[in-house]
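1. Could you look at this predicted model? Sequence included:
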Amino acid sequence: MTVNGGGPRTVSTTETGRSEPVTDAETETAPLDGPDTSDAIVESRNLDVYYGDTQALQDISMEIPEHQVTALIGPSGCGKSTFLRSINRMNDLIDVARVEGDLYFHGKNIYDEDVDPVALRRKIGMVFQKPNPFPKSIFDNVAYGLRVQGKDDGDVEANVRTALERAALLDEVEDQLDESGLDLSGGQQQRLCIARAIAPDPEVILMDEPASALDPVATSKIEDLVEELAEEYTVVIVTHNMQQAARISDKTAVFLTGGELVEFDDTNKIFENPEHDRVEDYITGKFG
Ligand SMILES: Nc1ncnc2c1ncn2[C@@H]1O[C@H](COP(=O)(O)OP(=O)(O)O)[C@@H](O)[C@H]1O
Ligand SMILES: [Mg+2]
């Protein structure tokens, strides 16, 4: 595994794997129910994840469509965070974690030996539950990813401003870019972390319960932002809040205890007419 010096190899390899543009005619004839899988940017096939001897995910096969919001829901401990981390190889950082099966990004298996996980994580960024800005200025927080990439040239300032704007934070912090990111409110800190993830120009943003530590006003700002982000990026978001999943996502994946993906479909279908009784029971609050 190349940790340094892999440069943009992952990027170029994956970009050649892009699917063909979809024509209007194809769109019109696409099936209306079930996930439209023709535009999957991320795909897992028979993915198993173990922590030591404990299996946390069982045989997960799922195609995540580009430029949509995909929500992962399910009770605590069912493997949502584990699945999210498998998409950008964050599980690599957990010693006891072991991944089996395949995970494709633009058709390239990200667990292949020639994939540089650091480069991969710039294309597939991540935002965590608890806002975790660096103890640095607002500007430096956002510039961090660019500098690591060696893009510390004259464009940094423009890129930082663009990222802050896309994260719906620029207006609030424009006059305090040199002040510490840690002095912001919780909701602003989370949007700063989103700006930091956006700055290196990723294609996919993974969010693990990004609003669950925030108050309702800050939560609603994050929800609005997630919907906007899907115009530029593919968003995969874990939430334990079913109303939130129903509000902001296009597709919903329901994981249940044992690390099983029980149902994955259009969000409306999942919430209005799920195929599986266990999903219906979970959605209607009979357990979970
Ligand atoms: N770092 C870890 N080491 C060992 N076991 C873990 C680790 N992270 C998660 N697990 C276990 O894997 C299962 C799935 O956890 P997780 O993916 O965090 O679920 P969720 O995000 O749905 O709450 C749980 O049984 C949890 O205890
Ligand atoms: Mg979790």
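-> Structure received. Ligands and ions are numbered 1, 2, ... in the order given.
2. The single nearest residue of the stretch 101-250 of the chain relative to ligand 1 and Gly187, how far apart?
-> The stretch 101-250 of the chain approaches ligand 1 most closely through Val238 (6.3 Å), counting by Cβ to the nearest ligand atom. Where you see a C-beta, it was placed from the backbone N, CA and C, and this is true even at glycine. Applying Cβ to Cβ, to the nearest Å, the value for Val238 to Gly187 is 18 Å.
3. and what of Leu206?
-> Taking Cβ to Cβ, one finds Leu206 at 19 Å from Gly187.
4. mind listing what the residue of the stretch 101-250 of the chain closest to ligand 1 touches?
-> 71-73, 80-81, 84, 207-209 (Cβ atoms under 8 Å, 6 or more residues apart in numbering).
5. Filter the residues you listed down to the ones in helices?
-> The helices, defined by DSSP state H, take in 80-81, 84 from the contacts of Val238.
6. quick one: Leu164 and Gly181 touch, right?
-> No - between Leu164 and Gly181 there is no contact under Cβ atoms under 8 Å: 11.2 Å.
7. Common neighbours of those two, please.
-> 138, 192.
8. rewinding a little: most neighbours among the ones in helices among the contacts of Val238, which one is it?
-> Lys80 (25 neighbours; other Cβ atoms under 10 Å).
9. so that one makes contact with Ala71?
-> No - counting by Cβ under 8 Å, Lys80 stays clear of Ala71, with 9.6 Å between them.
10. Please name the nearest non-neighbouring residue to the residue nearest the centre of the chain.
-> The centroid of the chain falls nearest to Leu206 when counting by Cα atoms, centre = their mean (1.5 Å). Leaving aside its sequence neighbours, Leu206 sits nearest to Met126 (Cβ to Cβ, 6 or more residues apart in numbering; 4.5 Å).
11. Now do the contacts for that neighbour.
-> If a contact means Cβ under 8 Å, 6+ apart, then Met126 has 84-85, 88, 90, 197, 205-208 as its contacts.
12. do the same with Phe105
-> Taking Cβ under 8 Å, 6+ apart, one finds 14, 41-42, 87, 120, 123-124, 204 in contact with Phe105.
13. tell me the average confidence for stretch 41-60?
-> What stretch 41-60 shows for mean pLDDT is 98.
14. Buried ones in that stretch, by neighbour count?
-> Of all the residues in stretch 41-60, those buried under the rule 16 or more other Cβ atoms under 10 Å are 41-44, 47-50, 55-57, 60.
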